[in-house]
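Chemist: The following comprises the amino acid sequence and a computationally predicted model.
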Amino acid sequence: MPEAIIISIVLPFVLFGISIGRRRAPAFLLGVLTYVLGLLVIRLHLPDHLLGRSRMLEIWQMRHPAVFSVLIGSAGAAAGELLRLLVMFILLKRKTWQSAVFFGAGQGSAEVLVLVGVPAVGALVSPSIPQHPDVYAAVSIEQLCIMMMQIGLSVLMLQCIRRRDWRYLAAAVVSHTAIVTTVGFLPFIMHPAHQLAAILTVFIAGGLLLAGYAVVSKKKIDTSNRDWF
């Protein structure tokens, strides 16, 4: 439980404080806003809206749950990246590497706070809510990796905007979709005893790869297109 509190509550506020010190608080808050919009529009309402409008989708969900899970996850990932592109292109004024990093950190911080931080605090203050330290530890690691993914994906989107090169958007969509699809499909093909380890492995690999890209691209971004500020 302590690691869950540190990752899901302390870390987001620390990152927000750093963003204030670096004068990137607007980018961080835009990331938070993007998560909220994605949560309300893409994750909560879009699947129900589609299912309510299409009897065929309901049949697919019942007959082919694995395929349906993958398709919904892929559609959500693609929609999430398009939302990220729109927000960063229209609202992010300082299109720099640091801004992209704090934008992604804001998205990841909002997600870990909502999905892990609030339930963890509830479990601590209310004796009626069961505590599962192992589950909270695993979910905290997962969300930390997702935060790293959000940072890498935001840097990819920055490259798309600055270079006017849609290949970076495609790379972001493919990366996000591949991770979500793999995680969504694993429960249907693996024994329950091994699912958690496999899912964490996918998130750790995806987080490290995308965060690694963000790090190695810093110099290239900072030394190109000096007219961006």
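Modeler: Arrived safely, thanks for sending. Numbers count the residues shown, from 1 in each chain.
Chemist: neighbours around Arg162, how many?
Modeler: 18 (other C-beta atoms under 10 Å). In short, each C-beta sits where N, CA and C put it, glycine included.
Chemist: er, Ala198 I mean
Modeler: For Ala198, the neighbour count with other C-beta under 10 Å is 16.
Chemist: For Met148, see how far away it is.
Modeler: According to C-beta to C-beta, to the nearest Å, Ala198 stands 18 Å off from Met148.
Chemist: Show the contacting residues for the residue nearest to Cys145 when sequence neighbours are not counted.
Modeler: Closest residue to Cys145 apart from its sequence neighbours, by C-beta to C-beta, 6 or more residues apart in numbering: Gly207 at 3.3 Å. Residues in contact with Gly207 (C-beta atoms under 8 Å, 6 or more residues apart in numbering) are Leu144, Cys145, Ile146, Met147, Met148, Met149, Gly152.
Chemist: Isn't the fourth one up against Leu113?
Modeler: No - Met147 is not in contact with Leu113 according to C-beta atoms under 8 Å; the separation is 10.6 Å.
Chemist: So these two - more neighbours on which side?
Modeler: Neighbour tally, Met147 and Leu113, criterion other C-beta under 10 Å: the higher count belongs to Met147, 25 against 20.
Chemist: so which strand or helix has that one?
Modeler: Assigned by DSSP states H and E, Met147 falls within helix 133-163.
Chemist: Figure out how far that helix is from the centre of its chain.
Modeler: 5 Å (C-alpha atoms, centre = their mean, to the nearest Å).
Chemist: Now the next helix or strand after it: buried residues?
Modeler: Moving toward the C-terminus from helix 133-163, the next helix or strand (DSSP H and E) is helix 166-189. Within helix 166-189, the residues that count as buried by 16 or more other C-beta atoms under 10 Å are 168-169, 171-173, 175-177, 179-184, 186.
Chemist: Check which helices and strands helix 166-189 is in contact with.
Modeler: helix 65-91, helix 133-163, helix 192-216 (3 or more C-beta pairs under 8 Å, 6 or more residues apart in numbering; DSSP states H and E).
Chemist: now it: mean pLDDT?
Modeler: What helix 166-189 shows for mean pLDDT is 89.
Chemist: right, and the secondary structure at the closest residue to Ala105 other than its chain neighbours would be what?
Modeler: Nearest non-adjacent residue to Ala105, counting by C-beta to C-beta, 6+ apart: Leu15, 4.9 Å away. Under DSSP: H, G, I helix; E, B strand; the rest coil, Leu15 falls in the helix class.
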